[in-house]
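J.: sequence and predicted model, in that order:
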Amino acid sequence: MSVPIIMFFACALLAVLGAVLLILAREPIHSALALVLVMMSLAVLYLLLGAPFVAAVQIIVYAGAIMVLFVFVIMLLNAGVEERTDFSKIAKWVGVPLGFFLLLVTAVYLLHSSIGTTIATGVGAANQAADTRELSQQLFRQYLFPFEATSILILIAILGALVLARKDE
Amino acid sequence: MMAALIALHSEQLMNLHRLAPEVVLCFFGILIMAVDPFIRASGKRVLGWMALIGALTALASVHILVHYPGTAYSNLIRVDSFSVFVHVIILVAAVLAILGSLDYLDREGIQRGEYYALVLFAVAGMGILAGANELVTAFIGLEMSSISSYVLVGFRRRALASNEASMKYFLLGSFATAFFLYGIAMVYGVTGTTRIDAVQSALEQIVAGQGRLPALAILGLALIFVGLGFKVVVAPFQVYAPDVYEGAPTPVTALLASAPKAATFALMLRIFYIAFGSAGNLWFWAIWVSAVLTMFIGNLAALVQTNVKRMLAYSSIAHAGYILVAFAAFSEAGAAAVLFYLAAYVLMKVGAFLVVAHAGQQGEKRLAIQDYAGLGSKQPLLAACFSLFLLSLLGLPATGGFLGKFFAFQAALEGRDRWLVLLVVIAAINSVIGAYYYLRVIVVMYFQAGSKDYTPSPVAPAVAVALFIAAAGTLYLGILPAPILNFAKAAAASLSLR
Amino acid sequence: MSAIPISWYLVLSAVLFGLGVVAFVFKRNVITIFMSIELMLNAVNLAFVAFARARGALDGLVFVFFVIVVAAAEAAVGLAIVIMLAQHRESLNVERVNLLKL
Amino acid sequence: MGTQSHLLTVITFLPLLSVAALLLLRSDDHVWIRRIALAASLAEFVVSLLLLPGFSAATAKYQFQEYHGWIGDAIHYHLGVDGISLFLVLLTTFLTPLAILCSWESIRENVKGFFIALLVIETAMIGVFVSLDLFLFFVFWELTLIPMYFMIGMWGHERRIYAAVKFILYTMFGSILMLVAILWLYGRAGTFDLPEIQGMLQSGQIAFSPRTEMLMFLAFFLAFAIKVPLFPLHTWLPDAHTEAPTAGSVILAGVMLKLGTYGILRFCLPLFPASAHRAAPTIAVLAIIGIVYGALVATVQHDLKRLVAYTSVSHLGFVVLGIFAFNTISIQGAIYQMLNHGVSTGALFLGVGMLYDRRHTHEIKEYGGLATPMPVLMSFFLFIALSSLALPPLNGFVGEFLILIGTFQNHHAWASWATSGAVLSAIYLLWAYQRVALGEVTVEKNKTLADASTRERVILATMALAIIFMGVASPLFTRRMEVSTNAMLEQMKDQMGAAQEASRPAALPCLSPAQRAAVIQTQAPGQPALATVPERQVAP
Amino acid sequence: MLLLDHLWIILALPLAGAAINGLFGKRWPQSAVNSAAVGSVSLAFLAAAETVREFCNLAPDQIPFVGNYFTWMVAGPFRVNFSLQVDQLTVVMLLTVTFVGMLIHIYSTGYMAHEGGYYRFFSYLNLFMFFMLTLVMAANLIVMFVGWEGVGLCSYLLIGFWFLKKSAADAGKKAFIVTRIGDLGFTVGILLVFAAFQSVDFGAIFKDVSQNPRSETLLTTICILLFTGAIGKSAQLPLYVWLPDAMEGPTPVSALIHAATMVTAGVYMVARMNPLFSRAPVAMLVVAIVGAVTAFYSATIGLVQTDIKKVLAYSTVSQLGYMFLACGVGAYAAGIFHLMTHAFFKGLLFLAAGSVIHAMGGEQDMFKIGGLAKKIPVTYWTMLIATLAIAGIPGFAGFFSKDEILEAAKSGPHANLALWLLGVAGAGLTSFYMFRLVFLTFFGKPRFDEHKVHVHESPKNMTVPLMILAFLSIFGGWFAAPKLIGGIDHFEKFLSPVFTAYAPQAAEAATASAESVASPGMALLSALTGIPVIVAVLGLLLAWWLYIKSPDTPKRMAQSLRGLYLLLLNKYYVDEIYAALIVRPLLWISTNVLWHVVDEGAIDGVVNGTARVARESGSQLRELQSGNERSYATWIVIGAVGFTVLLLVLLGGMR
């Protein structure tokens, strides 16, 4: 049992735990926090996978920005306890089980996938910076266009928020 | 560093002309946003005209694409007659939708700049979708169109239906997107690339090597189908469509029911025909099953609708089914048939919804089929146009709809698989079922007298123009389809499927 | 130092994705449903990174950025929609939002 | 044949042109709408008569051909007539003016729309008869539906909507499967051009397995059988007829039903001869059932128009029987009977319509003793009835007798059973006539009814003359059908291959050696049908 | 050769008359109508006469003389010309029809003088002449069929002439339909003829059949089928029912159509087709039996009828029976001979009866008449003559013809004693009911209120035809007179070419043998020759005793033999039986089974059923659209899982 493995299992457990909490929590705010937990543990896993930059973005943007937005909205609407109605029988009796079934199927196939067996190169402090430069190269040369497109996307998001969330005049 | 970036850009700018329509659209979108603050509430209509000009310019700029076939942005974007064809369809739909919106927004008191900007951005997204040669790029385009449509659907904020539709569309839409994305991840995992042509060759190698497709690839295929199937509204992912189409502002419905479908089908063609060409025998069945379900669900459920808008929503589901029939042929002819069908479909569907948009009157109150009683005598021309669109949707000869079906069935019957024959027969039977509810509207319009006290408002010029274009186009496609058909064939050929 | 098979990461992403799906179907509150989407996206990201690692390629990581951006955009619009919904309806329970049906 | 003739195009689209003219008129200017419609249809009739001098009875080839590329390289704008279709075109152009004339006063609201519908139907129906391209044919075939649908739905009577929808759905169901079959056929032949396909079939370039052929035959036949209508697919007909306005019924019974029988002759038999032969006994039985059944049900109707409608089921049964006897006499008889039925039943509907204009009911018990107030109208009515019950030397007899005698050559039993139709027709028509015309006037209103107006006399007299003329001058018609019919039968024989021939010797047409010779030399062996396509097409 | 080359003129004349009266007669005065109608028919008669004259100059090999006019039908090997022919048989019919027709036209000008629709009547009558002439002059079966159906039509029109009377309209319809039932057989017969001989021309058929023999079954079938037509047209068992009802028509019509001409068409046709019949013994036998039975059967009904015209009607049926008996036993000439004489005396009887009715102001019940002998002498005498003729009293026309028939039945080539007996019995009955008629009508005390009806003799234009016909009823039969004294029968001789030309050798041999062989049986037979006469006289006497001597006995007999009496009075209830067995069930089935159950129930049920199923499933399917976002999500998940499983497990073949 080496340190990375222990870390992996720890984070994995935390992530799954978070996900389960997200489901079980009746207070939206709790769910939100559970989700933050998931994201945090994922960030650690990214580090394990030797993608520190991604991990950073994960923390800053995701946990930092997006989740804050969530929490903010929850507070704004002071969304109370979730009422567990079950008008949709099909969701209760079919949807949830099938969800788990899907989980199972994908998990099994991913476990036995050929690439699954390849071993990730451990975290080398040396190639980190290079990693990031490479990354930026990729981003601005190879994937420049999507990158530019995302700017429009953001614009759209802003517009949408403006249109929808404003008070009725 | 900065300099490097600029250099990079200038080098990349060379590619922009291969994105001419998108660039134009985004430019106008931003322009509208920039101008918006300086125009007082009463004059917002101008922005609509600007948007129209934008769309038309984009349509014109498609010409540039024609002259610069090839790939752009390190092969993320592919410009070929296929994407040109789809661009044209989308932009025509956009133009018609905008024409239909001008007065609608006035009527509903929601004449705002954002609306048009969002429309343009959405269309730009679809444009990207049409030209995308790379899955993540496609994903971005998809999101551009989706997110702006979420907003557009909810644009009549005060109407409960509108914001409910917006919510449903948003939640389910992003749900489906997640599947799509996961699918992409799988593909990436298997092939190590997300470029469609690269995926194609990679998969072919694998198949050549191990004799069959790896499970992950198939898993990815299935998940991608979920994501795209949702966008093109095929069973069992069609559930959201009726609610959303009914709740959305009708011109938006018009756009939503037509353009994204076209764009997404284009992407689907690229992914299934090219990238997963080696898995044809697999996805064929997915398409087959889905097509049967889609047609039956769409038509049978439409039979019992009492609300024209919702009825048309179901009918658009059914039509997705017919398109799948052509899709299942998995041949150049099939692709051509899909494209031709889309062309015809866009015209008649947008036309039909624009009629509904007008006939709905203030607050979209008159949507029940019975409200159309006597329209034939009150507004003969409008009724005539509507009948034309309905008959075309029904598939009556001398209309685009008929030839769409015709080529679709033809392609399917020429296809490799014997089960296609059964599929075509099912489709045929379905189109008879469909006949019933389309004709019912005509019955009400012409054979039943309307209430004396109600006189509909006259058709606004802009709408009239839009309807005229749609009607003329429908007839043109029905009587002299040769040019468009050849165009579609060329487009299909440019897919160069092996 | 010892290594971890990529498949473990993939299985984890699968589990998270699946849980996300379950959550999406299970939850009733609009906001939490929306959160489950974010959960799924995270699962996808994990998969991307894992695959990227497996291949020693980088574009997987690039995709993660795009996904995050998209997630952000969706969040903005989505939450706006939620707010709009809250303005016109008292409950955030999706099961009570069924004006459009049949 | 290389030269293109445009006559058929003119004939086909002239009505559409006049529709354009009508559109220019103010819709409340009824007088001129009527006049122009009538003038147009008359002009149309005159123009269509130009076909006769140019038509050669000596060749089985399609004549007055026009041939242009249309969509892709498979779909062509290809028109042409032969002995089978020639007179059906004339029938159409002959009946339309009368239909217009009979709606002169009875149509009051939305006059413009009505006449437009009528003229559009005319174009569509002629198109069906003259198109030699399966695609083109199908287009016209479907186009006939909509105007008729409107005609029934808008200007019909009480249950018009039910009738209209029933009519159109019934027919569409049939035709859509035919579309599938057409496409499948194209999949094999690579063209929609009928002569080319026939040529390929004959030269064995394409061949079907018995099963496939049967399926395709059925797909085509279903569409046509519904149109005919063949028992038990007939139930749309009584409703449609009863609810349709007079002109609608006239066109429906007069021409539209023939689309079905024509289709059988033009497509089912030449394209799928083997299956046609295999299916013949079944179909013949259905036809005979139809003859008797239609007559019996007609006898007990209490709605005059419904009664006439059911007689169509009976009469068309004869036609189908004649066709599936595969005998040159019976088939010529069948074609001739199509024309006769068009005239006689059309005339019957006209008469019924004139009664309806006066009393606005079809209930027989509402009438009675009408011979006293309106002797002229009733005399015509009786005369038409007589033609319809095949009284020699009127037209009905000639057609029916040719069918019988031809059928009898191959199948004694079929013909013998069919003759019972003669008695039954006498029963229902004379009984109906008695209930309407004879005896004392029972209903007070009827005492004062006006006799036939000049307009009505013109209509009825035209019909009566046609009836007599066709009764005594049948050779003028049949001589022009002869060669085409024989050619078709010969071609079927060629195609059917030894197997079927062995199995059904009785089914071969009985031809005198002279005629065989005639047929052979008209049908150049090898690629006869291709020879009918303009040279430049044939040339590689 | 003036007219022989233009035979069509004979047809054209009455047709023209019909057309003229039909189109313009309405506005014309009666005189004009008369001249058109009577004129055209008289001209037709003259034309016929001229034709006959020219015919007599023809060489035997030119007979039959055929005139082709135009091709009427042609399709494939089937070809029909509109062609007319003249041979001896035609000549007889031609003269009879035109002459009697002319007389009856003249008579009608008087009889119908006070009727509405005068022009209509005459145009119908002329039209009838046209069709009747077509029938007798036809040179092929199809043209014959034209006349055949045409006369049927005219009889329909004329029976229903007083269409305001429901009974009249019904009778007309009945006549047309019942005869059409017979025509079914006739039609199929024609079809079979063509199938067998590839032609419908008499000449061709006869030559063919005489040269290359056909199987007897085939010929028998053909003949029986054709005979079915005759049964219908000539009112034989079992299709005679229409003729008595046909008396609803004006009396001249009954005289012309339902006595003299049309009803004899069947006999003419059988005679015309003799080459076929002669080769089908079985068919011959059938014809003979039907004829004989009908002759006796309808005579029995005639016994008790009270309506003067009904009596005549049944006697007509009976007399037609004799004619068929003749044909059946191979004595075609005798049959035609009786046809001619019958035309004279039965025509006369009807006209006279008409004159009686005219005199009585429409009264037809014999028991309400009586004692007219003095009041209307002409009518009385002429009618008496006709009665003597029909009763077969020696010297009168009927005697010769009927005697020949019975003779043939007794000792002809196809002799058959049973039939002969029936015939004789019928003869007895005939004379009985005929004299009953005469006695009831003209003798005894008037049984009507003489102040109400003032009896008057009919006008000249009615009485003159009576006298002419009376004359013929006496002398019309004398062609055959020489035979009595072992001489030759001129009539038979004249006709013989027609009946011997294509006669089968076998038959001739038979005749020969029949004559040569002289056995004791023959002697006995020849002894029987006088029997019919005796029987007839007995009938006369019985009638006299019952209706003159002791007029109340009939009633007592009716009482004692009530059952039999009612049976006869109600014509054996045949109409009722037909109605119960055929008409009503058919109507019931058509209405309740075919229309309501099959059409509306089954077929439309299926059609509408499918529609309902579609709608039903539609409203089920829309339940998917519960409006609940969670359900929607579930559907997407279902889809995702479904397709994953489909692709991976089912097709990907991985497990």
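T.: Looks like it arrived, so ask away.
J.: rest of the way, CA atoms for contacts and neighbours
T.: Will do.
J.: residues contacting residue D:333?
T.: Taking C-alpha atoms under 8 Å, 6 or more residues apart in numbering or on different chains, we find residue D:333 in contact with D:319, D:322, D:398, D:399, D:400, D:401, D:402, D:403, D:406, E:75.
J.: so in chain E, which strand runs the longest?
T.: Longest strand of chain E, by residue count under DSSP state E: strand E:65-75.
J.: buried residues, that one. List them.
T.: The neighbour-count check on strand E:65-75 (16 or more other C-alpha atoms under 10 Å in any protein chain shown) flags E:65, E:66, E:67, E:71, E:72, E:73, E:74, E:75 as buried.
J.: check stretch B:86-104 too.
T.: Result for stretch B:86-104 [16+ other C-alpha under 10 Å]: buried residues B:86-104.
J.: mind checking how far residue B:20 is from residue B:67?
T.: Separation of residue B:20 from residue B:67 (C-alpha to C-alpha, to the nearest Å) stands at 11 Å.
J.: and for residue B:284?
T.: Counting by C-alpha to C-alpha, the gap from residue B:284 to residue B:67 is 35 Å.
J.: more neighbours: those two, which one.
T.: Each of residue B:284 and residue B:67 has its neighbours counted (other C-alpha atoms under 10 Å in any protein chain shown); residue B:284 has more, 20 against 13.
J.: which helix or strand contains the more buried one?
T.: helix B:280-303 (DSSP states H and E).
J.: now the strands: where do they sit in chain E?
T.: E:65-75, E:78-86.
J.: how about the shortest one and chain D, touching?
T.: Spelled out, that is strand E:78-86. Yes. For strand E:78-86, a contact with chain D is found by C-alpha under 8 Å from any C-alpha of the partner chain, at residue E:78.
J.: so how far is that strand off the chain centroid?
T.: Its chain's C-alpha centre and that of strand E:78-86 lie 23 Å apart, by C-alpha atoms, centre = their mean, to the nearest Å.
J.: repeat for the longest one
T.: Relative to the centre of its chain, strand E:65-75 is centred 26 Å away, using C-alpha atoms, centre = their mean.
J.: helices and strands around that strand, which ones?
T.: Strand E:65-75 sits against helix D:328-359, helix D:474-503, strand E:78-86, with contacts defined as 3 or more C-alpha pairs under 8 Å, 6 or more residues apart in numbering or on different chains; DSSP states H and E.
J.: where in chain A is pLDDT low?
T.: Residue ranges of chain A with pLDDT under 70: A:1, A:115-130, A:168-169.
J.: residues in chain A within reach of chain B, list them.
T.: Within reach of chain B by C-alpha under 8 Å from any C-alpha, chain A has these residues: A:106, A:109-110, A:113, A:115, A:140-146, A:149-150, A:152-153, A:156-157, A:159-160, A:163-164, A:168.
J.: would you point out which residue of chain A is nearest chain D?
T.: residue A:90 (36.3 Å; C-alpha to the nearest C-alpha).
J.: find the nearest non-adjacent residue to that residue, please.
T.: residue E:631 (6.1 Å; C-alpha to C-alpha, 6 or more residues apart in numbering or on different chains).
J.: what is the helix holding residue B:284 packed up against?
T.: helix B:308-328, helix B:419-442, helix E:604-621.
J.: ok, 10 Å please
T.: For helix B:280-303, the helices and strands in contact under the criterion 3 or more C-alpha pairs under 10 Å, 6 or more residues apart in numbering or on different chains; DSSP states H and E are helix B:215-232, helix B:308-328, helix B:419-442, helix E:604-621, helix E:629-645.
J.: give me the buried positions along stretch B:438-450.
T.: Quick answer for stretch B:438-450 (16+ other C-alpha under 10 Å): B:438, B:439, B:440, B:441, B:442, B:443, B:444, B:445, B:446, B:447, B:448, B:450.
J.: so who does the last one touch?
T.: So that's residue B:450. Counting by C-alpha atoms under 10 Å, 6 or more residues apart in numbering or on different chains, residue B:450 makes contact with B:370, B:371, B:372, B:373, B:374, B:375, B:376, B:377, B:378, B:444.
J.: just the ones in helices from those residues, please.
T.: B:375, B:376, B:377, B:378 (DSSP state H).
J.: would you agree the last one is in contact with residue B:448?
T.: The reference is to residue B:378. No. Judged on C-alpha atoms under 10 Å, residue B:378 makes no contact with residue B:448 at a distance of 11.7 Å.
J.: which neighbours do the two share?
T.: residue B:372.
J.: can you tell me the residue of the stretch 351-500 of chain E closest to chain D?
T.: residue E:362 (20.1 Å).
J.: show me what contacts that residue?
T.: For residue E:362, the contacting residues are E:354, E:355, E:356, E:453, by C-alpha under 10 Å, 6+ apart.
J.: relative to residue E:388, how far out is the first one?
T.: Yep, that's residue E:354 we're talking about. Computed as C-alpha to C-alpha, the residue E:354 to residue E:388 distance reads 18 Å.
J.: pull the longest strand of chain E out as PDB, backbone CA atoms only.
T.: Output of strand E:65-75 as PDB, limited to C-alpha atoms (Å, rounded to 0.1, in the frame of the first residue of the first chain):
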ATOM      1  CA  PHE E  65     -82.000 -13.800 -98.300                       C
ATOM      2  CA  VAL E  66     -79.700 -11.900 -95.900                       C
ATOM      3  CA  GLY E  67     -79.100  -8.100 -95.900                       C
ATOM      4  CA  ASN E  68     -76.100  -6.800 -94.000                       C
ATOM      5  CA  TYR E  69     -76.300  -3.200 -92.900                       C
ATOM      6  CA  PHE E  70     -73.600  -2.200 -90.500                       C
ATOM      7  CA  THR E  71     -71.200  -3.700 -88.100                       C
ATOM      8  CA  TRP E  72     -72.600  -3.300 -84.700                       C
ATOM      9  CA  MET E  73     -70.100  -5.000 -82.400                       C
ATOM     10  CA  VAL E  74     -66.600  -6.100 -83.100                       C
ATOM     11  CA  ALA E  75     -63.900  -7.200 -80.700                       C
END
